[in-house]
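[1] any chance you could fold what I've pasted below:
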Amino acid sequence: MLVQHKKINGKGMFYVGIDGNILAEMTYTMPAETKMIIDHTEVDESLAGKSVGMQLLNTAVDYARKNNITIIPLCPFAKAMFDKNPELRDVLA
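    Presented below is the predicted three-dimensional model:
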């Protein structure tokens, strides 16, 4: 599944779009150049069971690693995944 990224004025999202519709998204804000706050994750029912939320998070983590950004996971899903997966924690703020 193709995860895309859109960033505008200190805010952004990693998302999956199909036929012009956003079916999954992980939104964030950038309070500083090197800090990302993940604040929301939502996945449409039609994608249930396909690990799309985790794909969104992995894309965000890869982006953070490549850009020397640390992540603050305020979103309950993102926080739970960081708690569950130690290999992601190198980007935690």
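[2] hey, let's count contacts and neighbours off CA atoms from now on
    OK.
[3] break down this structure into its helices, ranges please.
    For the chain, the helices identified by DSSP state H occupy 52-66, 76-84, in order along the chain.
[4] max-length strand in the protein?
    The residue-count maximum for a strand in the chain (DSSP state E) belongs to strand 21-32.
[5] how far off helix 52-66 does it point, in degrees?
    With axes from the mean of the first three to the mean of the last three Cα atoms, to 10 degrees as the basis, strand 21-32 and helix 52-66 are set at 30 degrees to each other.
[6] with only the CA atoms kept, save strand 21-32 in CSV.
    These are the backbone C-alpha positions of strand 21-32, laid out as CSV (Å, rounded to 0.1, in the frame of the first residue of the first chain):
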residue,chain,number,x,y,z
ASN,A,21,-10.3,9.7,-1.2
ILE,A,22,-8.2,9.6,2.0
LEU,A,23,-8.8,6.2,3.6
ALA,A,24,-6.1,6.3,6.3
GLU,A,25,-4.2,9.2,7.8
MET,A,26,-1.7,10.0,10.6
THR,A,27,-1.6,13.7,11.3
TYR,A,28,1.1,15.7,13.0
THR,A,29,2.4,19.1,13.9
MET,A,30,6.0,20.4,14.0
PRO,A,31,6.4,22.7,17.0
ALA,A,32,10.1,22.9,16.1
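[7] ok, back up a step: quick one: closest of the helices of the chain to E33.
    Distances from E33 to each of the helices of the chain were compared by Cα to Cα, and the smallest falls on helix 52-66, at 10.8 Å.
[8] roughly how far does I38 sit from N58?
    Shown here: I38 relative to N58, a distance of 12 Å by Cα to Cα, to the nearest Å.
[9] tell me which residue lies farthest from the centre of this protein.
    D19 (21.1 Å; Cα atoms, centre = their mean).
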